[in-house]
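Colleague: got a sequence here, can you model it:
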Amino acid sequence: MKSLLLLLVFVTFSSAFPADRKMENEENTQLAQAYLNQFYSLEIEGSHLVQSKNRSLIDGKIREMQAFFGLTVTGKLDANTLEIMKRPRCGVPDVGHYGYTLPGWKKYNLTYRIVNYTPDMARADVDEAIQKGLEVWSKVTPLIFTQISKGIADIMIAFRTRVHSWCPRYFDGPLGVLGHAFPPGLGLGGDTHFDEDENWTKDGAGFSLFLVAAHEFGHSLGLSHSNDQTALMFPNYVSLDPTKYPLSQDDINGIQSIYGGPPKATAKPKEPTVPRACDPDLTFDAITTFRREVMFFKGRHVWRIYYDITDVEFELISSFWPSLPPDIQAAYENPKDKILVFKDDNFWIIRGYAVLPNYPKSIHTLGFPRQVKKIDAAVCDRNTRKTYFFVGIWCWRYDEVTQTMDKGYPRRVVKYFPGISLRVDAAFQHKGFFYFSRRSKQFEYDPKAKNVTRIMKTNTWFQCREPFNSSADFTVREEDVHSGGAEMSYHKNLNLLIFSVVHVLEKSYSYQ
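Modeller: Numbers count the residues shown, from 1 in each chain. Below you'll find the model as predicted:
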């Protein structure tokens, strides 16, 4: 009898576990569909005849979401993906034309009004949090914010719950969506709403009104979400030390691409610096191939490396092309053995070591719309003869044969090149792979498989080593890099010899 009871108990519990697991899977699937619908423009049909089509669409949106958050791109609803979906976040979508930031507000003096207050905080603390949230952006731009107490302001601020007034977006109760805002424009443009069902706080348990407000005001000013987890514009809520400045360089670059930097105070000009090849934080302005070499541009300088040769040369740009400006922003080699170089809304064409006459010309002659003011990066696919231009979070594709822009562009960078950053600083192609630089990271990308094969430092090409890397670890003084060029060969097997030479010449060479 006892054995029979144990058998019944075992059968009862074992039959309950699959049911519980099935219910949990259904709940997770519903959560994922709601999340993707709200933040990744998922639209599925209800008919049973299209279930396979819906499954494929959902898997594709999961891949897009995983690429955005830097997860392993599987298209499957794994534990890490579900964890991200369950975190408190902003209610603004991560994809879609909503994220097109330019041109922002057409004025620098903006007004704001707090329509109502949360009972969670003292009114004075709410005023302070909102003011500081706006100051985050005014410190790095020419923008000026003025509070008004009545009438219609550029940025109307309110605490709301669930479905509210004329707003097309809604809140979902405690946790989940914390707030949302609308990009610059008429009507709801600039308006910012916070979910009153949350516990808002100045510096205690709950959600920091200052941090959420500063994030939402980024949207009010025209910024989309960033996949940089250190950025204020990252969509998920991240608690930060309130004494630390919340903007990352990604946030600053984004907002200044719309409004420019703050008014410059008169100051003594700084001495020009010479970049250090093996600086672990080294970034590049532009990278391009040139016949059998790769050129890395930084400020007034260029490094040159040759395929399958470890030597690296370091020169002034002006020693090759005196008419080119410093701080080049993009460059690429086209199929006709020419280099196109970009800065602001101008470009130059180089054949060999000569800049062609009648340049620079406007980038709009290539087919860019007038709102595009500069190119961040460019790379030509030698196999397809298509050139990709990167502008903010968007990329255009140019046909080098017809010399026209392809239809259907621009497209979002993160969607067309899954796994790489939202924005690209520099790009080039080598042995069939694309190499995309973002800050000090470089993504090796397989265009056929459409995935990232590895992530490395941008200066991996310079054969740097730790702790004493090579002669790339020191730089000559600015006056030593003259118009004739100061050749610097970087030999990975000469560390000991260089170490002794450095001590002898330490008065003539400066470390950075």
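Colleague: from here on, contacts and neighbour counts on C-alpha atoms
Modeller: OK.
Colleague: can you confirm residue 128 is in a strand?
Modeller: No. Secondary structure of residue 128, determined by DSSP: H, G, I helix; E, B strand; the rest coil: helix, with no strand assignment.
Colleague: next one, pLDDT for it please.
Modeller: Per-residue confidence (pLDDT) for residue 128: 95.
Colleague: what about it, neighbour count?
Modeller: One way to gauge burial is a neighbour count; for residue 128, by other C-alpha atoms under 10 Å, it gives 15.
Colleague: show me the shaky parts of the chain.
Modeller: Segments of the chain classed as low confidence (criterion: pLDDT under 70) are 1-19, 43-53, 96-103, 242-243, 265-272, 307-310, 465-512.
Colleague: residues of the helix or strand where residue 253 lies that come out buried?
Modeller: With secondary structure defined by DSSP states H and E, residue 253 is part of helix 249-259. Burial within helix 249-259, assessed by neighbour count using 16 or more other C-alpha atoms under 10 Å, is assigned to 250-252, 254-259.
Colleague: for the following helix or strand past that helix, name the packing helices and strands.
Modeller: Tracing the chain C-terminally past helix 249-259 and defining elements by DSSP H and E, one meets strand 286-290 next. With contacts defined as 3 or more C-alpha pairs under 8 Å, 6 or more residues apart in numbering; DSSP states H and E, the packing partners of strand 286-290 are strand 293-298, strand 330-333, strand 426-430.
Colleague: would you mind writing the CA trace of strand 286-290 as PDB?
Modeller: Written as PDB, here are the backbone C-alpha positions of strand 286-290 (Å, rounded to 0.1, in the frame of the first residue of the first chain):
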ATOM      1  CA  ALA A 286      39.500  57.100 -40.900                       C
ATOM      2  CA  ILE A 287      41.100  54.000 -42.400                       C
ATOM      3  CA  THR A 288      41.500  53.000 -46.100                       C
ATOM      4  CA  THR A 289      43.400  50.600 -48.200                       C
ATOM      5  CA  PHE A 290      45.700  52.000 -50.900                       C
END
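Colleague: gap between that strand and the chain center?
Modeller: In terms of C-alpha atoms, centre = their mean, to the nearest Å, the gap separating the centre of strand 286-290 from the centre of its chain is 21 Å.
Colleague: same question, stretch 445-458
Modeller: 17 Å.
Colleague: put together CSV for the buried residues of helix 249-259, with distance to residue 35 on each row.
Modeller: Formatted as CSV, the entries for the buried residues of helix 249-259 read as follows, by distance: C-alpha to C-alpha, whole Å:
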residue, distance to residue 35
250, 25
251, 25
252, 28
254, 26
255, 27
256, 31
257, 30
258, 29
259, 32
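Colleague: and those, which is closest to residue 354?
Modeller: residue 257 (31.3 Å; C-alpha to C-alpha).
Colleague: so how far is residue 422 from the closest one?
Modeller: Here the criterion is C-alpha to C-alpha, to the nearest Å. By it, residue 257 lies 14 Å from residue 422.
Colleague: what of residue 370?
Modeller: Taking C-alpha to C-alpha as the criterion, residue 370 is separated from residue 422 by 22 Å.
Colleague: go on, residue 385?
Modeller: Relative to residue 422, residue 385 is positioned 24 Å away (C-alpha to C-alpha).
Colleague: how close does residue 337 sit to residue 419?
Modeller: Residue 337 sits 30 Å away from residue 419 when distances are taken as C-alpha to C-alpha.
Colleague: so between the two, which is more surrounded?
Modeller: Of the pair residue 337 and residue 419, residue 419 is the one with more neighbours under other C-alpha under 10 Å, namely 25 against 11.
Colleague: for the more buried one, what are its contacts?
Modeller: Residues touching residue 419, when contacts are defined by C-alpha atoms under 8 Å, 6 or more residues apart in numbering, comprise 67-68, 70, 73, 451-452.
Colleague: rerun that using 7 Å as the cut-off
Modeller: 67, 70, 451-452 (C-alpha atoms under 7 Å, 6 or more residues apart in numbering).
Colleague: what's the answer for residue 387, then?
Modeller: Counting by C-alpha under 7 Å, 6+ apart, residue 387 has contacts 378-381, 397-400.
Colleague: where's it relative to residue 331, distance?
Modeller: Taking C-alpha to C-alpha as the measure, residue 387 and residue 331 are separated by 11 Å.
Colleague: give me the common contacts of these two.
Modeller: Shared between the contact lists of residue 387 and residue 331 (criterion: C-alpha under 7 Å, 6+ apart) are residues residue 378.
Colleague: is residue 208 in contact with residue 194, as I believe?
Modeller: No. Here residue 208 does not reach residue 194: they are 11.5 Å apart, not a contact under C-alpha atoms under 7 Å.
Colleague: okay, the two: which has more neighbours?
Modeller: Shown here are residue 208 and residue 194; by other C-alpha under 10 Å, residue 194 has more neighbours (25 against 20).
Colleague: that one and residue 158 touch, don't they?
Modeller: Yes. Using C-alpha under 7 Å, residue 194 is in contact with residue 158, at 6.4 Å.
Colleague: state the number of residues packed around residue 365.
Modeller: 11.
Colleague: could you give the bridge partners of the residue nearest to residue 454 when sequence neighbours are not counted?
Modeller: Leaving aside its chain neighbours, residue 454 sits nearest to residue 444 (5.3 Å; criterion: C-alpha to C-alpha, 6 or more residues apart in numbering). Beta-bridge pairing of residue 444, defined through DSSP bridges, involves residue 435, residue 454.
Colleague: now do residue 412
Modeller: With DSSP bridges applied, residue 412 shows beta-bridge pairing to residue 394.
Colleague: got it, and residue 180?
Modeller: For residue 180, the residues forming beta bridges with it (DSSP bridges) are residue 193.
Colleague: which residues sit in contact with it?
Modeller: Residues 90-92, 192-194, 216 are the ones in contact with residue 180 under the rule C-alpha under 7 Å, 6+ apart.
Colleague: the same query, at a cut-off of 8 Å, please.
Modeller: Under the criterion of C-alpha under 8 Å, 6+ apart, the neighbours of residue 180 are 90-92, 169, 192-194, 216.
Colleague: may I ask which two of these are separated the most?
Modeller: Based on C-alpha to C-alpha, the longest span within those runs between 169 and 216 and measures 13.9 Å.
Colleague: higher neighbour count, residue 385 and residue 422?
Modeller: Using other C-alpha under 10 Å as the criterion, residue 385 and residue 422 rank with residue 422 on top: 22 against 14.
Colleague: residue 380: what's it in contact with?
Modeller: With contacts defined as C-alpha under 8 Å, 6+ apart, the neighbours of residue 380 are 332-335, 386-388, 428-429.
Colleague: secondary structure element for it?
Modeller: Counting by DSSP H and E, the element that carries residue 380 is strand 377-381.
Colleague: so what strands line up beside the following helix or strand past that strand?
Modeller: Per DSSP H and E, strand 377-381 leads on to strand 386-391 as the next helix or strand towards the C-terminus. For strand 386-391, the pairing partners within the sheet under DSSP bridges are strand 377-381 (antiparallel), strand 394-399 (antiparallel).
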